[in-house]
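Undergrad: 3D model of this:
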Amino acid sequence: MLRKIRLTLAVLFFTAVTLLFLDFTGTLHAWLGWTAKIQFLPALLALNVGVVVFLVLLTLAFGRVYCSIICPLGVMQDIIAWVGKKQKKNRYGYSPAKSWLRYSVLAVFIIAMIAGIGSLVALLAPYSSYGRIAGNLFAPIYGWGNNLLAYFAERADSYAFYETEVWLKSLPTFFIALLSFIIIGVLAWRNGRIYCNTICPVGTVLGFLARFSWLKPVIDKDKCVNCKLCARNCKAACINIANHRIDYSRCVACMDCIGKCHKGAISYKHPAKEAAQPKAVESKISAEQINDARRSFLTATALVATTAALKAQEKKVDGGLAIIESKKIPDRKTPIVPPGALSARDFARHCTACQLCVSVCPNGVLRPSTDLTKLMQPEMGYERGYCRPECTKCSEVCPAGAIRPITAAEKSATQIGHAVWVKENCVPLTDGVECGNCARHCPTGAILMIPSDAANPDSPKIPAINVERCIGCGACENLCPARPFSAIYVEGHEVHREI
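TA: Here you go, the predicted structure:
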């Protein structure tokens, strides 16, 4: 019964999280968005104390049920392992814990977080890894399936489905997602949860807490006949049947052992004092050291957020018209990050590169970065669309606090960048025709068309940009008719400000 309950909940959570990355309409986030915000690392980065405390208490009460029910990467591994078991049953076996590797990876992970090495954090974070896999591998298949249905629906005079564009947002991120899926998939196929118990930093932290959980699978030595059926079906390889011990730091509370034991020798309960299981392997990092590292991380994150907020108020922006620069390619000195991020630095500190915002962006503005310093973290580009002032979907779905929730009014008053005009590309000057497309579509009225020759009112009109009113939405860059390069582009701001 316990196993069936666990499987049901795991399927529900896994389906809900996966749909968040597949849903291009954005309608499911209102109902299922909470499943992303209860993921451990995003909640920790967002300083969502309530969720973190809940997950810690959940682990202290029931063991690592987070890993077997809530974590989508863990459930994905279980699905792959289940398929692998169809070929060969009873294929697992006990193996000693690799504590040195687990805690070494955890230490590197914490250092990377404090140092702001977002690309390394993104590679190791389990929720982010699954987000990349779902967004880059599963979402295109889902999109093509939708387009196929839209094709047939159109011929049946039905509008139940509509075609959506499927495009490759980032080639490096795609290959990283594919490689992650292959590596994790092969490990799960052959060895079950070995990735969770050797590499995953969240699994290591929760595994440390699970050693002290109230309820645990307990082996009754009197009933056990040493058939090893439980150990051969334990995908965490944590049951040492020779000594009747279970390594609770690696046990993910999947309940498979309970279902496989025909003698009723394993039960899920609070162990009696004399039957309490000793530690399978002595950890090389003490609890005090882990707690110190955790406190250091939280302190550093709080300091960064406070500093970014203070600098946002101290930031000064030059007024007047934008400087005319002789650029043909929008080679941005500062990448553009979404409204709701306090600054580029704060965004990089909090973002786990799960790419949920990329999946939900309806205008194709967000895409993974290819910059090695912030690899896979989202950045904005206006080749396919612009950041519409009324859209706040990315701020609604971000589970890590990298993009704070904002209203449409707050977004319209937030300056994330400013427009820069490139004279050599401007159609009125190059082709001698009237344009004004940028001025007509500017939502803040920051662009005015003025005569190119002040002494001649009838001279071709060119855009004059008031950078104090420009919010950096990219409407001008996206809708500029100049080809192949826009005559106007948006330069990002390190710190966002209100206008």
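Undergrad: CA only for contacts and neighbour counts going forward, please
TA: Will do.
Undergrad: Low-confidence stretches in the chain?
TA: 273-329 (pLDDT under 70).
Undergrad: Now do the strands in it.
TA: Along the chain, the stretches classed as strands by DSSP state E are 216-219, 239-240, 245-246, 266-269, 366-368, 378-380, 414-421, 447-451, 461-465, 488-498.
Undergrad: between these, which gets nearest to residue 345?
TA: In terms of CA to CA, the element of the strands of the chain nearest to residue 345 is strand 488-498, at 7.3 Å.
Undergrad: May I have that closest one as PDB, with CA atoms only?
TA: Backbone C-alpha positions of strand 488-498 (Å, rounded to 0.1, in the frame of the first residue of the first chain) are rendered in PDB as follows:
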ATOM      1  CA  ILE A 488      18.300  50.300 -33.400                       C
ATOM      2  CA  TYR A 489      19.100  47.900 -30.600                       C
ATOM      3  CA  VAL A 490      18.800  47.700 -26.800                       C
ATOM      4  CA  GLU A 491      21.800  47.900 -24.500                       C
ATOM      5  CA  GLY A 492      21.300  46.200 -21.200                       C
ATOM      6  CA  HIS A 493      21.700  47.800 -17.700                       C
ATOM      7  CA  GLU A 494      23.700  46.200 -14.900                       C
ATOM      8  CA  VAL A 495      21.100  47.400 -12.400                       C
ATOM      9  CA  HIS A 496      17.400  48.000 -13.200                       C
ATOM     10  CA  ARG A 497      15.700  51.200 -12.100                       C
ATOM     11  CA  GLU A 498      12.300  52.700 -11.900                       C
END
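Undergrad: on contacts alone, who are the packing partners of it?
TA: Judged by 3 or more CA pairs under 8 Å, 6 or more residues apart in numbering; DSSP states H and E, the packing partners of strand 488-498 are helix 287-314, helix 344-350, strand 414-421, helix 475-479.
Undergrad: about what we covered before: just send the strands of the chain back as JSON lines, with mean neighbour count too.
TA: Output for the strands of the chain, formatted as JSON lines (neighbours: other CA atoms under 10 Å):
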{"stretch": "strand 216-219", "mean neighbour count": "23"}
{"stretch": "strand 239-240", "mean neighbour count": "23"}
{"stretch": "strand 245-246", "mean neighbour count": "22"}
{"stretch": "strand 266-269", "mean neighbour count": "17"}
{"stretch": "strand 366-368", "mean neighbour count": "24"}
{"stretch": "strand 378-380", "mean neighbour count": "22"}
{"stretch": "strand 414-421", "mean neighbour count": "25"}
{"stretch": "strand 447-451", "mean neighbour count": "18"}
{"stretch": "strand 461-465", "mean neighbour count": "24"}
{"stretch": "strand 488-498", "mean neighbour count": "23"}
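Undergrad: Residue 66 touches residue 57, doesn't it?
TA: No: between residue 66 and residue 57 there is no contact under CA atoms under 8 Å: 10.9 Å.
Undergrad: More neighbours: which of these two?
TA: residue 66 (24 against 14; other CA atoms under 10 Å).
Undergrad: Check the gap between the more buried one and residue 59 for me.
TA: Distance from residue 66 to residue 59, counting by CA to CA, to the nearest Å: 7 Å.
Undergrad: and if you look at residue 423?
TA: For residue 423, the distance to residue 59 - CA to CA - is 61 Å.
Undergrad: Residue 161 now?
TA: 42 Å.
Undergrad: quick one: contacts for residue 368?
TA: Neighbour list for residue 368: 169-170, 173, 353, 355, 358, 375-379 [criterion: CA atoms under 8 Å, 6 or more residues apart in numbering].
Undergrad: Among those residues, name the ones in helices.
TA: Secondary structure assignment by DSSP state H places 173, 358 of these in helices.
Undergrad: With distance to residue 110 added, can I get the contacts of residue 368 in a markdown table?
TA: Listed next are the contacts of residue 368 as a markdown table, based on distance: CA to CA, whole Å:
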| residue | distance to residue 110 |
| --- | --- |
| 169 | 29 |
| 170 | 27 |
| 173 | 23 |
| 353 | 16 |
| 355 | 21 |
| 358 | 25 |
| 375 | 18 |
| 376 | 19 |
| 377 | 18 |
| 378 | 21 |
| 379 | 24 |
